[in-house]
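# My questions are about this predicted structure, shown below with the sequence.
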Amino acid sequence: MSRLLPSSRTTVRCCRLVFVSLAVLACVAMPASAHESHAGDTHTSHAAVPPDAEIWAVEGAVTSFSFDPVQLADFGLSLEAVRTSGAIDHHVLSVARGDDLAFAAVAPLSLGLAVDDGVLLGFTSGGLQHQGGFHVAWDGLTEGKASLDGFVLRPAQRGTSTDPRAVEILGADGAVLFLADMMHYALAVSDSGLDVFNADLRIAPELARRMGEPLLAGTSLGVLSMHASVVWPGTRPATAADGATPIAGNPPPCNDFDTGDVDVGLTAIGSVSQSVRQGGFVGVTPSARLKNVGTANVPWYSKFTGPFPPYNNDQHPFLVWALYRLVDGQVHQLGISDVKHAFLTLNISCDPGACTDSHILGLGCEDVYSEGTNNSYNSLSFRDEVESNLGLWEATGSHFDQNSDGSQDHPNSNPDSGTDHRMLAAEADLDTPGADYYIEAWYVVREDINIFNSMGRERVTPSQSGSGNWSFSVAGGSFEQGPVLDLWVDPIAPPAGTANSKHDTGQGWVQVAVRTTDLGGGLWRYEYALMNHDFDRKVASVQIPHGGGIVAFDYSFRDVDQDTANDWIPTLDGTAVTFTAPNADAALDWGTMLNVGFTADAAPLERSIVVGASELDSINSFLLTSQAPGPGSGALVFIDGFETGSTGAWSSTSP
């Protein structure tokens, strides 16, 4: 038997030396003899372990819990009688906050780690009992405590089988109290053992039941990490330490950036959880899965790592997400996130011969980011720092480098506040009867040829527990690529009286969709949704032409911030109904949507509406095909407010 023991963790394992030796989760090769991968999303499925897979032993472990204190407080949870028994030097790419609780495993128990033809498949058998522990106490619908003294970590049980890509935590009474999934693996064969990190730490159904909050089962509370030694049968796998020649920089095929098209597709949103609840608002964070569906490698360098080809900088993608409600024939954007900076691609299930450098998304390679990584303070910053159409970010002087010295000075463990950079939605918007809710995510990738397969939507069901906290169950099987606006009006086959068109300005995409409703008596309702996908110059007006002689009234406006002080101003003249931003700050920024509407005495016709830019340039406005009022019918001649009782029909623009 050969043994791999934990040793000093001083080596920064995101260096630029690459060794192709042991693959992790199908095709991953990591720098400096380390091999990393994300575990799969266990909310959807898990891979079977081949019967002839080799089983390695994981032992000598230290496991740590890094709970988010904001989430603990929101859910009425506290930690008591804490008895730590170990210390962990976190992997350099861990998003643990640094105030974690670490516990050493007790010999001689071990975990089985399945390896098939050099590919790490995950944990399959056994378990690790730990010294020390803690109690979880709660004061929600019920009061109580659950003991994790001497807790056991083992592969997660899914029905009659084991899920190798997730683990569960058993309390002192043998009940499963926590689950951890979507983990990152790192195996440094030469000296540093096995790291498991960035795993979403979730409330298990039994703990939720004891709390009197069954809806909170599956909610993420933080991240779980492990550092362990590995024992394998037979000959230790060959590594660079055995004579393999390191290649500085990016070895072929990783240095090929000059041919092919960049195209990153979002392929799944696997889970969604409450991240914070405060002041009538709830923060919502999803997981996301992606794949390189293009013909070019995609740079994926962590921020502040230095200049690298092909752009001579630390280029990486950015993830943003938003929540939408569809109800009563309308679509509303309820909340948007700030920007999450991607920091690593771990290249799962790549094409044969693809680049598997951890800072380059190789051909056909997949990657997963968990809620924990997407919720990390160390990765979240302001949208206005990113030029979305170009996928560019200036690091110096940014949120992460406030003293402009070229390095990060914003600590991971010191957030500005629990709500900063979060996607916040008003709780009052989450329980609308008959509404459908969708979470939408989008990877902003430099030179991506198709932004609409880089975004996608998944239906979720918000549910409020007895204590007021929220869960967001994912429908499963309902994921589709493209914006939520395409669900409101089908862009391929729009029904009569509707339209949905996208326009490439050359500097970013803008989309407009409209629904019209015959109210009877010659009156029609017009509801428009205007989406700025990645037009960085912002949108400041929308002009809806009409056929002349119309009367318009009952104007409406809604945007994501719900601040009435910046509502757009409607006007009616002899040629158009126009909505205009009152100032530059009220202009429609990238990744955001607004709604405008009105009632008119004219039936809809296909017409081009005019969208105006906020920041003037060579192109100050552009046309999108839509539906707009035709000639007025004169129907409002018979509406005087006395017969109808609606004196609101009278206004300076609607006499």
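Perfect, thanks for sending it.
# burial of Gly353, as a residue count?
Using other CB atoms under 10 Å, Gly353 is surrounded by 12 other residues. The way it works is simple: take the backbone N, C-alpha and C, and place the C-beta from them, glycine included.
# give the contact list for it.
Shown in contact with Gly353 (CB atoms under 8 Å, 6 or more residues apart in numbering): Pro253.
# do the one 10 residues further on as well
Applying CB under 8 Å, 6+ apart to Leu363 gives the contacts Pro253, Asn292, Gly294, Thr295, Ala296, Asn297, Cys350, Asp351, Ala354, Cys355.
# same deal with Ser94?
Phe197, Asn198, Val223, Ser225.
# which stretches of this structure aren't confidently modelled?
1-48, 117-119, 160-161, 188-192, 234-252, 412-417, 618, 636-655 (pLDDT under 70).
# Helices of that one, residue ranges please.
69-74, 205-210, 371-374, 485-488 (DSSP state H).
# Out of those helices, which one sits most buried?
helix 371-374 (a mean of 27; mean count of other CB atoms under 10 Å).
# can you list the contacts of Leu363 in CSV and add distance to Phe400?
Formatted as CSV, the contacts of Leu363 follow (distance: CB to CB, whole Å):
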residue, distance to Phe400
Pro253, 31
Asn292, 26
Gly294, 28
Thr295, 32
Ala296, 28
Asn297, 25
Cys350, 30
Asp351, 33
Ala354, 30
Cys355, 27
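# right, and out of those, which lies closest to Gln71?
Asn292 (32.7 Å; CB to CB).
# just to revisit the earlier point, figure out which of the helices of the chain is closest to Val115.
Nearest of the helices of the chain (CB to CB): helix 371-374, 24.9 Å.
# Going by contacts, tell me the helices and strands next to the closest one.
strand 193-203, strand 220-232, strand 272-278, strand 281-286 (3 or more CB pairs under 8 Å, 6 or more residues apart in numbering; DSSP states H and E).
# Provide the strand pairings for the first one, with the direction of each partner.
The strands beside strand 193-203 in its sheet (DSSP bridges) come out as strand 176-181 (antiparallel), strand 184-188 (antiparallel), strand 220-232 (antiparallel).
# what's the answer for the third one, then?
Paired neighbours of strand 272-278 in the sheet (DSSP bridges): strand 281-286 (antiparallel), strand 470-474 (antiparallel).
# Please name the spatially closest residue to Gln507 (chain neighbours excluded).
Setting aside the residues directly before and after it, Gln507 is nearest to Asn389 in space (CB to CB, 6 or more residues apart in numbering), at 5.7 Å.
# returning to what we had before: if we take the contacts of Ser94, which one ends up nearest to Ser381?
Ser381 has its nearest neighbour among the contacts of Ser94 in Asn198, at 18.8 Å by CB to CB.
# one step back: can you redo the strands paired with strand 272-278 as a markdown table with distance to Ala53 and mean neighbour count?
Formatted as a markdown table, the strands paired with strand 272-278 follow (distance: least, CB to CB, whole Å; neighbours: other CB atoms under 10 Å):
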| stretch | distance to Ala53 | mean neighbour count |
| --- | --- | --- |
| strand 281-286 | 32 | 26 |
| strand 470-474 | 30 | 22 |
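# I'd like the distance between the residue nearest to Gln507 and Val560.
Asn389 sits 20 Å away from Val560, going by CB to CB, to the nearest Å.
# Please, where are all the strands along the stretch 301-450 of the chain?
Along the stretch 301-450 of the chain, the stretches classed as strands by DSSP state E, counting those that start in this stretch are 318-327, 330-336, 339-341, 360-361, 366-369, 380-381, 386-387, 392-393, 424-426, 436-444.
# repeat for the stretch 551-655 of the chain
Under DSSP E, counting those that start in this stretch, the stretch 551-655 of the chain gives strands at 552-559, 569-572, 576-580, 592-600, 604-613, 621-629.
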